[in-house]
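>>> Output the structure for:
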Amino acid sequence: MPLKSLLASGKDKKSFAFIICVSDEMMYREACYYIQKLKIPRGMSIEIIPIKDAACMAAGFNAGMTETDAKYKIYMHQNVSILNPNFLEDILTIFKSDKKIAMIGMIGNVELPPDAVSWHGERVGNVYELDPDNMDFRNYSYSLKDGLYDVECVDGFLMATSMDMRWKQEEFDSWDFYDMAQCFEMRKKGMRVVVPEQKKPWCAHDEGVNNRWGFDTYRKRFMKLYMEKE
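Below you'll find the predicted structure:
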């Protein structure tokens, strides 16, 4: 099946699709456990699309994008647990507040540092590092009064979208900078990338030990494509 065209919106406006690259079945099952506990907005449905043996994250996400007509897609890592039971209603509220909002992340940079290393600069948003003694989401629901941050890029552990755009798998054929490239591509089209304020983090990310092999190669590639002035 050919990839969907650039900026094509999903046909099914009543559906959410969770697209997850899978290499660890136990982590994937845990992610699904939390997805299946989310409150589904009235009249909406969800589907979970696992992508196994992906050559890279962007390739996996491109493959998942072709398997669903859902307008709203949540691209996420297998080691993410969505803990906010109102997550789907919350992101739907955000998307409907402005048609130019194309992507929602949980953590992001209002301004990316000059070296393109996101954690070298100030970031907005929130995430849990698996603190089981401090997780209580029952009384919290997102309100637009809480505010949104417009950001240059978000962290790729969870990226919710309201439109389809091909991920740049040829340029970012590994596990780094695919997320930031997607944000910059969407912003080049005049769309907004946002991070909601979160009184309590909506997600936990069990990141573990990072493999930074090749990180600098893709950092330099990203900077050449998006940060060097002509």
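
>>> neighbours of Gly156, just the number please.
24 (other C-beta atoms under 10 Å). For the C-beta atoms, the positions are set from N, CA and C on the backbone; glycine is no exception.

>>> what sits against it?
Counting by C-beta atoms under 8 Å, 6 or more residues apart in numbering, Gly156 makes contact with Met57, Tyr75, His77, Tyr178, Asp179, Met180.

>>> Buried subset of these, written for PyMOL?
To isolate the buried ones among the contacts of Gly156 in PyMOL, judged by 16 or more other C-beta atoms under 10 Å, type:
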select buried, resi 57+75+77+178+179+180
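
>>> centroid residue for this protein?
By C-alpha atoms, centre = their mean, the mean C-alpha position of the chain lies nearest to Met159, the distance being 1.0 Å.

>>> which residues does the closest residue to it other than its chain neighbours contact?
Nearest non-adjacent residue to Met159, counting by C-beta to C-beta, 6 or more residues apart in numbering: Tyr75, 4.7 Å away. Taking C-beta under 8 Å, 6+ apart as the contact definition, Tyr75 lies against Ile19, Phe61, Gly64, Gly156, Leu158, Met159, Ala160, Thr161.

>>> With respect to Met227, which of those is nearest?
Gly156 (17.7 Å; C-beta to C-beta).

>>> residues contacting Pro114?
Met227.

>>> on that earlier part again, so which of the contacts of Tyr75 belong to helices?
Phe61, Gly64 (DSSP state H).

>>> quick one: which of the contacts of Tyr75 is nearest to Arg219?
Gly156 (14.1 Å).

>>> Local confidence estimate at the closest one?
Turning to Gly156, the model gives it a pLDDT of 96.

>>> pretty sure Gly105 is touching Tyr149, no?
No - Gly105 lies out of contact with Tyr149 (C-beta atoms under 8 Å); the separation is 9.6 Å.

>>> okay, the two: which has more neighbours?
A count of neighbours by other C-beta under 10 Å puts Gly105 above the other of Gly105 and Tyr149, at 24 against 17.

>>> Can you tell me the closest non-neighbouring residue to the more buried one?
Nearest to Gly105 is Val154, by C-beta to C-beta, 6+ apart, at 2.4 Å.

>>> Understood, closing this out.
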